[in-house]
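*Asks:* After the sequence you'll find the predicted model.
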Amino acid sequence: MLRIGRGASDGMVMHVDHIKPRSLYPHLALDIANLQIMCNECNVSKGNRDEVEWQ
């Protein structure tokens, strides 16, 4: 999910993000269905919120 609609470009820092934060849902920390690729800007703005709170 790239919230701002940007795709990865050369040199862009990308992160693997936990859709449901590890701190709130530790049992999902290693669940591949709970992972998404995000750019650094989106990941930092999302912080510790889940996908519903971050809309």
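*Replies:* It's in.
*Asks:* ok, G47 to Q36 distance?
*Replies:* According to Cβ to Cβ, to the nearest Å, G47 stands 14 Å off from Q36. To be clear about C-beta, it is placed using only N, CA and C from the backbone, and glycine gets the same treatment.
*Asks:* do the same with R22
*Replies:* 13 Å.
*Asks:* Of those two, which one has the most company?
*Replies:* Legend: neighbour count by other Cβ atoms under 10 Å for R22 and Q36, higher for Q36 (16 against 13).
*Asks:* That one is in what secondary structure piece?
*Replies:* strand 35-39 (DSSP states H and E).
*Asks:* Partner strands of that strand and their direction?
*Replies:* Paired strands of strand 35-39, with direction, are strand 14-18 (antiparallel) (DSSP bridges).
*Asks:* which ones are touching the residue nearest the centre of the chain?
*Replies:* Centroid-nearest residue in the chain, with Cα atoms, centre = their mean: D17, separated by 3.2 Å. With contact set as Cβ atoms under 8 Å, 6 or more residues apart in numbering, D17 has these partners: 35-38, 42-43, 46.
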